[in-house]
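Novice: The amino acid sequence is not available; the structure is as follows:
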């Protein structure tokens, strides 16, 4: 909704590549429904990684210190 009027958008997915046994789109294009390709946003991913190990520190609350237990 923009200023009380409904807006419709379309997203097209493409350039599918297999990664870790699943096909993922490496390109997206989106914009207002019926718009020309010039008026659409385009995103192309060069690299997508799956099952990347992450440090547990990334899941801590910002500025909240450490863990603790939850009831």
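Specialist: Structure received. Bear in mind the structure is a predicted one, so any value in this text is a computation, not a measurement.
Novice: hey, let's count contacts and neighbours off CA atoms from now on
Specialist: Noted.
Novice: where in the chain is pLDDT low?
Specialist: Regions of the chain meeting the criterion pLDDT under 70 cover residues 64-71.
Novice: what about the strands in it?
Specialist: 9-19, 22-32, 41-44 (DSSP state E).
Novice: strands paired with the shortest one, and their directions?
Specialist: Think strand 41-44. strand 22-32 (antiparallel) (DSSP bridges).
Novice: The partner strand: how far from the chain's middle?
Specialist: Strand 22-32 sits 9 Å away from the centroid of its parent chain (Cα atoms, centre = their mean, to the nearest Å).
Novice: likewise stretch 5-21?
Specialist: Using Cα atoms, centre = their mean, the offset of stretch 5-21 from its chain centre is 10 Å.
Novice: Run through who's touching that stretch.
Specialist: Contacts to stretch 5-21, defined as Cα atoms under 8 Å, 6 or more residues apart in numbering, come from residues 1, 23-33, 49-50.
Novice: what about 6 Å?
Specialist: By Cα atoms under 6 Å, 6 or more residues apart in numbering, the surrounding residues in contact with stretch 5-21 are 1, 23, 24, 25, 26, 27, 28, 29, 30, 31, 32, 33.
Novice: Can you name the residues bridging to residue 13?
Specialist: Here residue 13, judged by DSSP bridges, has bridge partners residue 28.
Novice: Distance-wise, check residue 13 relative to residue 26.
Specialist: 8 Å (Cα to Cα, to the nearest Å).
Novice: Who has more neighbours out of the two?
Specialist: residue 26 (17 against 13; other Cα atoms under 10 Å).
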